[in-house]
Every structure is written in C-alpha cells, then in structure tokens.
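> can you look at this prediction? I've put the sequence above it.
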Amino acid sequence: MRIQKLPVGYSDFKTIIDNKFYYIDKTLFIKEIIDESCNVILLPRPRRFGKTLNLSMLRYFFEKTEKSNGYLFKDLAICRLGEEYMNKQGAYPVIFLTLKDVKEKTWDTTYRGIKDLIQNEFLRHKYLKNWTGLEKEEKEYFNKITSLEGSEKDYENSLKTLSLFLERYHNKKVIILLDEYDTPIQSGYLENFYEPIISFMRNFLSGGFKDNTSL
C-alpha cells in the first residue's frame, strides 16, 4: 500500500490534490457555504486551523477558469452530493486576496503592499481592460489601479469596483475571498500606525462586503 506524504507547509488545495498528498476531506464545507443564507461569512479560527487551505478549496471549486478544476473534486464528498452542488463548480468570477504577508513597520510600506496585491488581482482579470463594456472613465480607473497611480480612495473602492466590472462581464454575481484581513491591522496596532490602517480597511471592507449588489 502506498503511503501518502503529509502536505507540510502547503496550503494550496490544487497542489495537495495533484500531488496526492494526505488530505482530510473537508469539501462538505462547500455545501455549508452554498446552503448558507448570508451573503457575507466571517470565519475566525486560531492559527494552523486550515483557514487558508479551506479558502483555497473554495476558490478552486467556485472560480470560472479556462481549464476546468472539476477533476480536483471527483473523489471527494462534495462530488457525491450530485449536480445540485457540482453545477456550481467553476460557475463564478472570483476575487481572491490574501494579506498574510503584509507585516510592515510603517503605514507607507503597508499601503504599498496592499496596493501591490490589489494591482495583481486587477491584472489577473486584465481581459476586462480591453472589454468594450467598460466606459472610458472605467478603463481609466482600471489603468490607474494597475499602474499604481490611483488615489487612496481608488484603492479603498477597488473591491467593490472590480466586483462590479466582473459581474457585468460574466453576467454572474461575484465571490470575494479575503484571507488574513487582520494581519496589517495587527501590525498597525503594534507599530503605531493603527489609525490610517483601520481607516483604510474600514472603507475597503465596507465597499467590498456591505450592501455590495455584485456579491
């Protein structure tokens, strides 16, 4: 019998499944998410409880991609529930951000790190830039974000704005997955720049998650 390797240091769902690492099947968590009536779900857990791996699993399940990721789930519990759940696999545009590495000592470097992450996520959806469905001003906004020339307000509104663009392009509501949003806030508290980071994150999260009709 083949002994499976433990995925020590890995938190990417696809890497674990593709390499046949030992994996405890938590895919029924996807069912819980689908069955949940709330639009926004907060998952607070201690360190090393698998939050990042579970968000990665959700991303590979829900995200609409050129090459289907459905094969990742074929031998897992969610697949055995049938089409009622599997027809949602690969069906949605997804915004995925992780702030786990934004552990800086100043507000300036923290803000730059967040801008870089937002830039990368916009670039991941760069097909939007040449889409005729965007107005001239919206394309200018897209270019400002990807060239790191936007205002602080532009970046505060970025989750909401990108989700709006994606909903219009795909004609489908958007899933936003945000990992370790509290990491830069904790750094701000410890390094004495709490006020600017909490002000930014309050507006950033509110735009993305509160009353966002594209969500």
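All right, it came through fine.

> for the residue most central in space within the chain, helix, strand, or coil?
Relative to the mean C-alpha position of the chain, the nearest C-alpha, by Cα atoms, centre = their mean, is the one of residue 96, at 1.8 Å. Here residue 96 takes the strand state, with states given by DSSP: H, G, I helix; E, B strand; the rest coil.

> go on, residue 214?
Taking three-state DSSP, the label given to residue 214 is coil.

> wait, it touches residue 159, no?
No - judged on Cβ atoms under 8 Å, residue 214 makes no contact with residue 159 at a distance of 9.8 Å. Where C-beta positions appear, they are placed from N, C-alpha and C, glycine not excepted.

> returning to what we had before: for the nearest residue to the residue nearest to the centre of the chain once chain neighbours are set aside, the count of nearby residues, please.
Excluding its sequence neighbours, the residue lying closest to residue 96 (Cβ to Cβ, 6 or more residues apart in numbering) is residue 177, at 4.8 Å. Number of residues near residue 177 (other Cβ atoms under 10 Å) recorded here: 16.

> quick one: list the elements packing against the lowest-mean-pLDDT helix or strand in the chain.
Counting by mean pLDDT, DSSP states H and E, the weakest-scoring helix or strand in the chain turns out to be helix 13-18, with a mean of 92. In terms of contacts (3 or more Cβ pairs under 8 Å, 6 or more residues apart in numbering; DSSP states H and E), helix 13-18 is packed against helix 51-62.

> okay, the helix or strand following the helix it packs on in PDB with CA atoms only?
Elements were assigned by DSSP states H and E; along the chain past helix 51-62, the next helix or strand is helix 83-86. Output in PDB follows, covering the C-alpha atoms of helix 83-86 (Å, rounded to 0.1, in the frame of the first residue of the first chain):
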ATOM      1  CA  GLU A  83     -25.400  18.000  -9.700                       C
ATOM      2  CA  GLU A  84     -27.300  20.100  -7.100                       C
ATOM      3  CA  TYR A  85     -23.900  21.200  -5.800                       C
ATOM      4  CA  MET A  86     -21.500  20.300  -8.600                       C
END
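
> list the helices and strands helix 83-86 packs on?
Using 3+ Cβ pairs under 8 Å, 6+ apart as the contact test, the elements touching helix 83-86 are helix 28-35.

> let me know the helix or strand that the nearest residue to residue 205 once chain neighbours are set aside is in.
Leaving aside its chain neighbours, residue 205 sits nearest to residue 181 (6.8 Å; criterion: Cβ to Cβ, 6+ apart). In the assignment (DSSP H and E), residue 181 maps to no helix and no strand.

> isn't residue 181 right next to residue 198, touching?
No - at 11.5 Å, residue 181 does not count as touching residue 198 under the criterion of Cβ under 8 Å.

> per-domain residue ranges of the chain.
As recorded under the TED database, the domains making up the chain are 1-91, 98-214.

> worst average pLDDT in those?
Ranked on mean pLDDT, the bottom entry among these is domain 1-91, at a mean of 90.

> so who does the closest residue to residue 93 other than its chain neighbours touch?
Nearest residue to residue 93 in three dimensions, chain neighbours excluded: residue 166, at 4.0 Å (Cβ to Cβ, 6+ apart). Contacts for residue 166 were tallied using Cβ atoms under 8 Å, 6 or more residues apart in numbering; they are 93, 95, 125, 128, 174, 214.
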